[in-house]
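Enquirer: Here is the input, now give the coordinates:
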Amino acid sequence: MWVRKRLDIGWSDLAFGLTRTALSASEMAVRGRLEQRFSPAGDALACLSVRSGFDLLLAALDLPIGSEVLLSAVTIPDMARIVRQHGLVPVPVDLDPATMAPSAESVRLSLTPAARMLVVAHLFGSRVPLEPLLASAQACGLLVVEDCAQAFDGRYFGHSAADAGMFSFGPIKTATALGGGIICVRDSELRERMRMRQAAWPIQGRREYLARLGRCAALKLASCRPVLRTWMKACDLTGRDFDQMANATTRGFAGPDFFDRVRRRPSTPLLAMMERRLRKFDSWRVAARAAAGRQLAQLLSGRVLCPAAQTDGHSYWVFPILVANPSEVIAELRREGFDATQGASMCVVPPPPAQPILRASLAELTLPGIVYLPLYPEMPPKALQKMANVVLRTSQAVAPLRESAGVSVGP
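Expert: This is a model prediction of the structure:
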């Protein structure tokens, strides 16, 4: 069984993290080294997560109550939740199913006089061409924030013309530190207000980070093919949902105390782990994963839609396909030894209750049909070919989404 995703962290990294939980060190010194390594320009702020950084940004901006924040229509639910917590209104910006990117036209259609910010998510490891969006948004006086949580590849550190860029080192991300995020903010006064606000937050406990190291080690062991096969069989025998169990293992902020958990500073061991992952970044592994992604996209080309596969600078953090029969495709792939999934972490941002016309119709039609295929450097070309063959013989093409959504722009 080829597991859906292997954690991008080595046993030596886990040993380093374990050691750092037992050692004392200056939070300020470790933070300084990390932020300087990430951005020599000095605009980086290390946080507990991207959620934490986004929460800090909105708090420091102090936008008028009722202001609208335009969000890439497909994102994690917590982004809209954070927007609402600050008395603001999240508004979806629809995406092209082929690129999973918003267009300048979709931004224009989502604009109202109350809009103050545009948050563009680079999805699945792809990179959205920002220039047209920047020109459109800045002409309307919008702040532009890049959500690069899924796009970090060790080379891209954000667009220089964006007001902010957010990067994640969460459990399933590239070069994971099992948590942590960095937000780069160009405005120095705004960044310092965020830094001062974060300094008043409590710090993440070392024991909590130690527990996360333990869970990660267990999950890394479970990703070995014989162990994974046994785990899945045990779930079948006991009637448990394997998808739910696997997703819960890497979930960072579950529970009713969301904002209490998000509004904390990262522990010193976590800061040290983030700095180590940057210092020892494995560019070969990212390049090998991207090469495998291009090969798989070529095998499926013309017959199965692979959202965002044709964008430049794609690192293939995950590999999605869009099909009309996701359950059948997943079942057949698992029978053939490939742990495909639909995932549970993404959602489509709903329109404001008073403005249903702003719904993201294309995104609503796209997300339910997305299946994530396993993809990482350890998979040989023979396995990729076999997986592609299973998809090709099992999948049913989706109906033309633009026509279904009543969108009249080109294909």
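Enquirer: ok, longest strand in this structure?
Expert: strand 115-121 (DSSP state E).
Enquirer: and that strand, how far out from the chain's middle?
Expert: 16 Å (CA atoms, centre = their mean, to the nearest Å).
Enquirer: Nearest residue to residue 136 in space, please, no chain neighbours.
Expert: Using CB to CB, 6 or more residues apart in numbering and skipping residues adjacent in sequence, the residue nearest residue 136 is residue 104, 4.1 Å away. No exception for glycine: its C-beta is placed from N, CA and C like everyone else's.
Enquirer: hang on, that neighbour packs against residue 130?
Expert: No. Residue 104 is not in contact with residue 130 according to CB atoms under 8 Å; the separation is 10.6 Å.
Enquirer: Which one's more surrounded, these two?
Expert: residue 130 (18 against 15; other CB atoms under 10 Å).
Enquirer: Enumerate every residue touching that one.
Expert: 120, 144, 146, 159, 161, 162 (CB atoms under 8 Å, 6 or more residues apart in numbering).
Enquirer: Try it again at 10 Å.
Expert: 101, 120, 122, 137, 144, 146, 158, 159, 161, 162 (CB atoms under 10 Å, 6 or more residues apart in numbering).
Enquirer: low-confidence ranges in the stretch 101-250 of the chain?
Expert: Applying pLDDT under 70 to the stretch 101-250 of the chain flags the ranges 224-237, 239-250.
Enquirer: And the strands in it?
Expert: Listed in chain order, the strands found in the stretch 101-250 of the chain under DSSP state E, counting those that start in this stretch are 115-121, 143-147, 164-168, 181-185.
Enquirer: Among those strands, which comes closest to residue 218?
Expert: strand 164-168 (21.6 Å; CB to CB).
Enquirer: Now do the same contact list for the closest residue to residue 27 other than its chain neighbours.
Expert: Closest residue to residue 27 apart from its sequence neighbours, by CB to CB, 6+ apart: residue 268 at 4.8 Å. The contact partners of residue 268, taken as CB under 10 Å, 6+ apart, are 20-21, 23-31, 203-204, 206, 209.
Enquirer: Which neighbours do residue 104 and residue 130 have in common?
Expert: residue 137.
Enquirer: could you pull out the helices for the stretch 251-400 of the chain?
Expert: Secondary structure of the stretch 251-400 of the chain (DSSP state H, counting those that start in this stretch): helices located at 258-262, 268-279, 283-300, 326-335, 361-366, 381-394.
Enquirer: So for residue 109, which of those helices sits nearest?
Expert: That would be helix 361-366 among these, by CB to CB, at 10.7 Å.
Enquirer: pretty sure residue 114 is in contact with residue 140, am I right?
Expert: No. Using CB atoms under 10 Å as the test, residue 114 is too far from residue 140 to be in contact (11.5 Å).
Enquirer: Check the spacing between the residue nearest to residue 136 and residue 115 real quick.
Expert: 14 Å (CB to CB, to the nearest Å).
Enquirer: which residues touch the residue nearest in space to the middle of the chain?
Expert: Most central in the chain under CA atoms, centre = their mean is residue 150, positioned 3.6 Å from the mean C-alpha point. Applying CB under 10 Å, 6+ apart to residue 150 gives the contacts 75-76, 121-126, 167-168, 170, 172-174, 308, 315, 317-318, 346.
Enquirer: Show me which residues of stretch 180-194 are buried.
Expert: For stretch 180-194, a neighbour-count test (16 or more other CB atoms under 10 Å) marks 180, 181, 182, 183, 184, 185, 190, 191, 193, 194 as buried.
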